[in-house]
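Peer 1: model this:
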Amino acid sequence: MEKSVGSQPILLEEKPTAGGRRVAFATLNSEKSLNALSIEMIRLFYPQLKRWEADPGICCIVLQGAGEKAFCAGGDIRHMYEAMVEHPGPEFNNPFAEAYFAEEYRLDYSIHTCSKPILCWGHGIVMGGGMGLMNGASHRVVTERSRLAMPEITIGFYPDVGGSWFLNRMPGRTGLYLSLTGASLNAADALRVDLGDYFIPTDQKEAVYNALLTLPWSDDPQDNAAVLSRFLRGARGDLQEYSISSGVWNHFDFIQEVAEGDSLLEIAEALQTADSKDPWIAKGQKTFLNGSPTTAHLIFEMNRRARHLSLKEVFRLEYEVSMQFTAHPDFAEGVRALIIDKDNNPSWTPPSLDAVTREWVEEHFTPPCTEEKHPLRDL
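Peer 2: Numbers count the residues shown, from 1 in each chain. Okay, the predicted model is just below:
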């Protein structure tokens with residue numbers, strides 16, 4: 001595994017291939033924070049990604065995290081909390097949040113739309129902002145240590161970073177259920193719900209990276225994507241050897257039954273009354289019941305509104321909703337309770353699902369700026 005090196009928040013390097021081209025490597029380099037995505041990382045990586053995409057000598061880009069615990073455990077929540085405390089709502093005067101969300105979503109969109117193949121090694125913890133990076137990559141690797149999740153409901157936020165787009169594209173109502181329960185996914189789950197493409201054991205990482213330098217790359221990005229796909233298919237491991245099975249797939253019928261309600265309150269009732277003897281179901285119930293009621297309503301509404309939006313439209317909408325979350329109380333309160341003070345006792349506003357009004361939900365969809373000043377208008 002790559003280890004943190006020096007103080008650089010992200011390591012950007014290129015390695016020569018046997019054919020004279022180069023493979024680019026970007027390594028999130030903050031083991032202590034589980035490679036949480038800082039604005040410094042974003043500001044270093046985004047322009048370099050654009051340069052690599054324009055460089056005819058770069059044939060493939062690899063995105064990974066330093067250390068053995070995480071690819072990326074999420075966004076820079078601590079700095080976001082400090083900014084929310086310093087600039088509380090309802091007025092929008094939060095320069096850090098404005099910059100962070102705009103630049104993070106622009107980076108995510110650029111990964112999604114990059115013309116060159118991007119291999120993301122999604123080992124260990126992959127949550128929140130890490131999911132945004134990984135799900136834009138053209139070739140997503142999961143390992144026996146991968147643990148993927150969008151647990152934003154626990155901190156009074158919602159699954160952003162394009163989550164409104166990729167969660168909507170999972171089989172059936174799986175994306176909605178996973179958002180409401182914050183359920184953790186293993187490698188088998190990721191492959192089943194299209195959050196990963198290839199299972200490769202952790203101990204094969206070095207061999208895979210060395211092989212990348214010997215592949216028959218060309219000047220055609222589409223050909224190179226196919227070359228990478230063929231190679232990764234051949235390098236795939238056997239999930240059964242690691243006794244990894246898909247909890248999501250084992251509970252697929254249950255998920256569809258519970259999440260098919262036409263309103264959030266219907267879904268909540270079905271989830272709350274479900275048989276909780278199954279540990280997987282019980283854990284999801286607990287997360288949902290303890291999570292932010294406002295977040296639950298916004299998850300349901302974002303699932304509905306984003307269903308037929310383009311990727312560009314999703315990121316623009318998410319920017320608006322994310323800024324509203326910084327101006328409403330639950331996001332700061334959730335981070336305080338779970339991460340800052342760690343009392344695990346958030347005081348949600350409103351305190352219950354049935355106390356969340358339609359007007360309160362609609363407030364979160366009020367654009368914080370005019371269309372002409374939207375920072376993602378040019379995507």
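
Peer 1: doesn't E103 make contact with L376?
Peer 2: No. Applying C-beta atoms under 8 Å as the test, L376 and E103 come out as separate, 9.9 Å apart. No exception for glycine: its C-beta is placed from N, CA and C like everyone else's.

Peer 1: what about the two, which has more around it?
Peer 2: L376 (19 against 16; other C-beta atoms under 10 Å).

Peer 1: what kind of secondary structure is the nearest residue to Y242 once chain neighbours are set aside in?
Peer 2: Spatially, and ignoring its direct neighbours in sequence, Y242 is nearest to E144 (4.5 Å; C-beta to C-beta, 6 or more residues apart in numbering). Put simply, E144 is coil when judged by DSSP: H, G, I helix; E, B strand; the rest coil.

Peer 1: Assess the claim that E144 and I244 are in contact.
Peer 2: Yes. Counting by C-beta under 8 Å, I244 is a contact partner of E144 at 6.3 Å.

Peer 1: Need the overlap of contacts for these two.
Peer 2: Shared contacts of E144 and I244, defined by C-beta atoms under 8 Å, 6 or more residues apart in numbering, are found at A187.

Peer 1: pLDDT score assigned to the residue nearest to Y242?
Peer 2: E144 is assigned a predicted lDDT (pLDDT) of 98.

Peer 1: Local confidence estimate at S4?
Peer 2: For S4, the predicted pLDDT is 46.

Peer 1: again with the one 3 residues further on
Peer 2: In this prediction, S7 carries a pLDDT score of 77.

Peer 1: Pull the number of nearby residues for it.
Peer 2: S7 has 7 neighbours, counted by other C-beta under 10 Å.

Peer 1: Okay, helices next: where are they in the stretch 251-379 of the chain?
Peer 2: Ranges of helices within the stretch 251-379 of the chain are 252-258, 264-272, 279-290, 293-305, 311-327, 329-335, 358-363, based on DSSP state H, counting those that start in this stretch.

Peer 1: any chance of the ones you listed in a markdown table, plus mean neighbour count?
Peer 2: Below are the helices of the stretch 251-379 of the chain laid out as a markdown table (neighbours: other C-beta atoms under 10 Å):
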| stretch | mean neighbour count |
| --- | --- |
| helix 252-258 | 18 |
| helix 264-272 | 17 |
| helix 279-290 | 16 |
| helix 293-305 | 23 |
| helix 311-327 | 22 |
| helix 329-335 | 24 |
| helix 358-363 | 12 |
